[in-house]
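[1] okay, predicted coordinates and the sequence, questions at the end:
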Amino acid sequence: MVYTFIFYNYYGLLRKKGLRPLMITTLIGITFVMLAGTNLGILTQKYKDNKYLYPILQHGFDKNMILATINALGLYGGIAITLPYVSDVADKHRLIKNALVGILIVVQMEIYSTIGIITTFGYKRALTIFYPKLIQTQLVSHFDFLESGELFVMLQIIGGWFIKYTLTFYALLKLIEIFYNKPKNNAIWVISILVFILSFFASRNGFLLFKILIYYNYIALVNFIIMPLIVFAIYSARASASKSNKDKAEGDTSNENNSSNTKQQVNTPALSK
């Protein structure tokens, strides 16, 4: 509930100042998360062994490979959180290019992090650890005084969760406000209480939590990747068809005007005679 109180006041600030506080918070948070990940990669480099990566694709493209790819795509469903913010972008000419750059940065971070886990423990050992990053940082020991890089992992996890939760929450409030044509201040408390109750029961058992996360991957894949792609594909097709019909109608009108002008020019000399 403390987070609810903080976010309630933060949302009030957003309503007064616009998206600027959210942008500043996100940029600062992402910067610290990326710096923490870079430092962690450097500190744990000497504990990694590339032999755990081989053989690559030992079993080929089998069923497990396909399921792992689908789960990975579902985890990137959080990209859809940014869709409600597209309407607030003033200059949309570079939107696709900037979005692709951001996605590529996230993808390379996730790939490097996954490779780091595998090269540290091996995939068989890593599969049995709930939070392998925390265990990985406990290996860190440099110069006999710099030990344990758990601070960087906690910054990544908590900072990343806070940024994602804030962006998701505010995007959801924007959608509710658009749906009801007016702000719903009580929605903050209702959603926060529901999130707290569901999180409390889901996190009481670690095995249950990770089973729920597996189902969440498929839900995120359908709701946040497949459905938006279908909707935007339909919208794009309809927009293209509407534009082509409009251009065709304008062309027919222009041809009719040219034809009528030609007839008038032909009839004018005849009348003068």
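    It's in.
[2] now the spatially most central residue of the chain: closest residue in space that isn't a chain neighbour?
    The structure's the chain has its C-alpha centroid closest to Ile79; by CA atoms, centre = their mean the separation is 1.7 Å. Excluding the flanking residues, the one nearest Ile79 by CB to CB, 6 or more residues apart in numbering is Ile103, at 6.6 Å. All C-beta spots, glycine's among them, are computed from the backbone N, C-alpha and C.
[3] on that earlier part again, residue contacts, the residue nearest to the centre of the chain?
    Contacts were defined as CB atoms under 8 Å, 6 or more residues apart in numbering; by that measure Ile79 touches 103, 224-225.
[4] same check on Leu134?
    The contact partners of Leu134, by CB under 8 Å, 6+ apart, come to 150, 153.
[5] use 545 as the first number for this chain going forward.
    From this message on, residue numbering opens at 545, which makes the last subject Leu678.
[6] picking that back up, out of the contacts of Ile623, flag the one nearest to Lys668.
    When those are compared for distance to Lys668 (CB to CB), Ile769 comes out closest, at 29.5 Å.
[7] what is the burial count for that closest one?
    Residues lying near Ile769 (other CB atoms under 10 Å) number 17.
[8] give me the pLDDT for the residue nearest to Ile623.
    Confidence at Ile647, expressed as pLDDT, is 83.
[9] returning to what we had before: could the contacts of Ile623 go into JSON lines alongside secondary structure and distance to Asn725?
    Compiled in JSON lines, these are given as follows (DSSP: H, G, I helix; E, B strand; the rest coil; distance: CB to CB, whole Å):
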{"residue": "Ile647", "secondary structure": "helix", "distance to Asn725": "33"}
{"residue": "Phe768", "secondary structure": "helix", "distance to Asn725": "25"}
{"residue": "Ile769", "secondary structure": "helix", "distance to Asn725": "29"}
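[10] could I get those residues in TSV, plus columns for distance to Leu671?
    Conversion of the contacts of Ile623 to TSV gives the following (distance: CB to CB, whole Å):
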residue	distance to Leu671
Ile647	27
Phe768	25
Ile769	25
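[11] closest to Pro676 among those residues?
    Of all the contacts of Ile623, the one with the least separation from Pro676 (CB to CB) is Ile647, at 24.2 Å.
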